[in-house]
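In: Dropping a prediction and its sequence here:
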Amino acid sequence: MERNDAWVTLPDGERIAKLGLGTWEMGERRSAREAEIAALREGIELGMTVVDTAEMYGDGATETLLGEALAGLREKVFLVSKVYPHNASRRGVVASCDASLARLKTDRLDLYLLHWPGTIPLEETVEGFELLLRAGKIRHWGVSNFDVDEMDALFAAGGTACAANQILYNVARRGPEFDLLPWMRARKMPAMAYSPIDHMRLPQGSVLDDIARARGVSSVSIALAWVLEQPGVCAIPKAGNIEHMRENRRALDIRLTDDERARIDARFKPPRSKRALEML
Ligand code: NAP
C-alpha cells in the first residue's frame, strides 16, 4: 500500500496535518503544568499542528493552559475545540465559543465541534455554527461521536457543511471501518481519530509488541503508525511530556509492511458487521 502523505484534506480542500495532538487531562495538575506546556510547544514545532481541546476538559482549565502554550505559535496551529451538547443551542453555541476563545487567547477557532449527540435539535446547533462562521469566530465546524444514523440526521437537519467527525478509532476499536468511515470518505469528510493509542489500554504482549521489538521502536509507535496509514483519518494522541511527544512524531515515519499489516489484522480483526460507535 502506498503510504499516505502527512496531510488529510477537509471537504473544502484545505489540508491539515495527519498527526496532531490532544489535550484531555492537561492543565489539571499544577505540578505537571510546565511539562505539559513544553510538550505541547514541542509537538507543534515538530509539525503536529492540529491541536484538539474542549470546553469540557478541566472545566476550561485545559483551554486556559493551551492559551498559554500557544503564545507565539497560534498561526502555525489548526485549533479545534468542542461545545458541550447541553450548550449547543443557537445562542449557547455562540456563548460557549466566546468563552473558549477568551480562554485560548485567540480570535478564532479553525474547527468547532459538537462534542457528542445531545437533545437540542441539530438545526439549532447548525444555525449557531453558521452564525459563528459569519462572524469569523470559527473557520469550520463539525461533530464528534456521531455514528452513521446521526450523520444522516445531521445532513437532514441542514448540516451538510460538516467538515469532520471526531471519533474513537484505533487498532483495537475498528468498528467505524464497517460503515462510518466509508460514509465519510464518500463525502470527502475526514475522521479525527481520538484515543489513537486507546488511552494506553492496548493489550500487552500482542503482535504490536512483536513488531515493535523487531523494529526497535515502541508498541505505541506501531499502534499510532497503523492509524496514520488509514486514508482520510488524522490522529490526535495526547502526550504529557516531551519524550512521549517526540516518540509519537516518529510514528509518522514508520511504514508498515504488508506482512505486518496482515499480522495486525489477524489479531485485531476488521469488522464484518455493524458495531455501534464506541465512546470514551
Ligand atoms: P490517547 O492519546 O490514546 O492516549 C493518551 C495516553 O497515552 C496518556 O496517558 C499518555 O500519557 C500516553 N502516551 C502518549 N504517548 C505515549 C508514548 N509515546 N509512550 C507512552 N505513553 C504515551 O488517549 P486520549 O487522550 O483519550 O485521546 C487523545 C485526545 O483525543 C484527547 O487528549 C482529546 O483531545 C481527544 N479526545 C476526544 C474525545 C471526544 O469525545 N471527542 C474523547 C477522548 C479523547 P502521558 O500523558 O504521560 O504522555
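Out: Cool, the structure landed. Quick caveat: nothing in here was measured; it's all calculated off a predicted structure.

In: Grab the nearest non-local neighbour of the residue in the stretch 1-150 of the chain that the ligand sits nearest to.
Out: Going by CB to the nearest ligand atom, the ligand is nearest to G22 of the stretch 1-150 of the chain, at 2.3 Å. (Glycine included, C-beta is placed from N, CA and C.) Leaving aside its sequence neighbours, G22 sits nearest to K238 (CB to CB, 6 or more residues apart in numbering; 3.7 Å).

In: Return the residues of this protein in contact with the ligand.
Out: 22-24, 52, 115, 144-145, 166, 194-200, 220, 236-241, 244, 247-248, 280 (CB under 6 Å from any ligand atom).

In: Weed out the non-buried ones from the residues you listed.
Out: 22-24, 52, 115, 144-145, 166, 194-198, 220, 236-240, 244, 247-248 (16 or more other CB atoms under 10 Å).

In: Restricted to helices, list those residues.
Out: Those of these mapping onto helices are V220, H244, E247, N248, per DSSP state H.

In: Only the buried residues of stretch 254-263, if you could.
Out: For stretch 254-263, by 16+ other CB under 10 Å, it's I254, L256, E260, R263.

In: brain fart, stretch 168-181
Out: 168-176, 178-181.

In: Reformat those as CSV; add pLDDT.
Out: Formatted as CSV, the buried residues of stretch 168-181 follow (pLDDT from 0 to 100):
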residue, pLDDT
L168, 98
Y169, 98
N170, 98
V171, 98
A172, 97
R173, 98
R174, 98
G175, 98
P176, 98
F178, 98
D179, 98
L180, 98
L181, 98
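
In: In strands only, show me those residues.
Out: L168 (DSSP state E).

In: In a markdown table, list the buried residues of stretch 168-181 along with distance to D107.
Out: As requested, the buried residues of stretch 168-181 are exported to a markdown table (distance: CB to CB, whole Å):
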| residue | distance to D107 |
| --- | --- |
| L168 | 31 |
| Y169 | 31 |
| N170 | 34 |
| V171 | 38 |
| A172 | 39 |
| R173 | 36 |
| R174 | 39 |
| G175 | 38 |
| P176 | 34 |
| F178 | 40 |
| D179 | 38 |
| L180 | 33 |
| L181 | 34 |
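
In: show me where the stretch 51-200 of the chain has strands.
Out: Taking DSSP state E, counting those that start in this stretch, the strands of the stretch 51-200 of the chain run over residues 78-83, 111-114, 141-144, 165-168, 191-194.

In: can you pull the contacts of the residue in the stretch 101-250 of the chain positioned nearest to the ligand?
Out: Residue of the stretch 101-250 of the chain nearest the ligand, by CB to the nearest ligand atom: G240 (2.8 Å). Neighbour list for G240: E25, M26, A32, A35, E36, A39 [criterion: CB atoms under 8 Å, 6 or more residues apart in numbering].

In: what are the phi and psi angles of it?
Out: G240 adopts backbone torsions of phi -90, psi 0, taken as degrees, to the nearest 10.

In: Show me the helices in the stretch 51-200 of the chain, by range?
Out: Ranges of helices within the stretch 51-200 of the chain are 61-69, 90-104, 122-134, 148-156, 180-186, based on DSSP state H, counting those that start in this stretch.

In: picking that back up, same list, the buried residues of stretch 254-263, but as TSV with secondary structure please.
Out: Shown next, in TSV, are the buried residues of stretch 254-263 (DSSP: H, G, I helix; E, B strand; the rest coil):
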residue	secondary structure
I254	coil
L256	coil
E260	helix
R263	helix
